[in-house]
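Enquirer: let's see this in three dimensions:
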Amino acid sequence: MTEIPLEKLVGVYIKMRTKKELLEGEAKQIDNQMREVKVAINDRMRETGLDSIRTAAGTAYRTVKTTYAPSDWGLMYQFILDHNMPELLEKRLHQGNVKKYLEENPEDVPPGLNSTMEYSVTVKGVKNAG
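Expert: Numbering: from 1, shown residues only. The predicted structure follows:
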């Protein structure tokens, strides 16, 4: 079995990426059109006072999603500390800050900290290459 030359693999990858970008562009157009239709459905349901409607084509529902965000993170952190409510925060580490801390403090690794490393390959095309 012969190996495929790297030049050919890179070329195939670039062609596939280009095709994917074209398809993503089309998908974005469809997403925008779908958003417009959702707005129209929402407006019509709001005007008629409906939260759901069943039609021969399908069913539409209106739901309310509430999100919360502090206007002052310092005050929010103090509130969380004062009320002992760490559950108001999501469980996730800031990757850049952890990396910086570990680089500056290689002997002080937080207990239970796991890390995973993986290589990634970046492919860039040559201008005017077919």
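Enquirer: and the helices in the protein?
Expert: Secondary structure of the chain, counting by DSSP state H: helices at 6-48, 73-82, 95-104.
Enquirer: so which of these is nearest residue 126?
Expert: helix 6-48 (8.7 Å; Cβ to Cβ). (C-beta placed from N, C-alpha, C; glycine too.)
Enquirer: what helices or strands is the closest one leaning on?
Expert: With contacts defined as 3 or more Cβ pairs under 8 Å, 6 or more residues apart in numbering; DSSP states H and E, there are no secondary structure elements packing on helix 6-48.
Enquirer: out of the helices of the chain, which comes closest to residue 123?
Expert: Checking the helices of the chain against residue 123 by Cβ to Cβ gives helix 6-48 as the closest, at 5.0 Å.
Enquirer: where does this structure have low pLDDT?
Expert: Filtered on pLDDT under 70, the chain yields the residue ranges 1, 128-130.
Enquirer: circling back: save the helices of the chain as TSV, and put in distance to residue 62 and mean neighbour count too.
Expert: Compiled in TSV, these are given as follows (distance: least, Cβ to Cβ, whole Å; neighbours: other Cβ atoms under 10 Å):
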stretch	distance to residue 62	mean neighbour count
helix 6-48	5	11
helix 73-82	31	11
helix 95-104	37	11
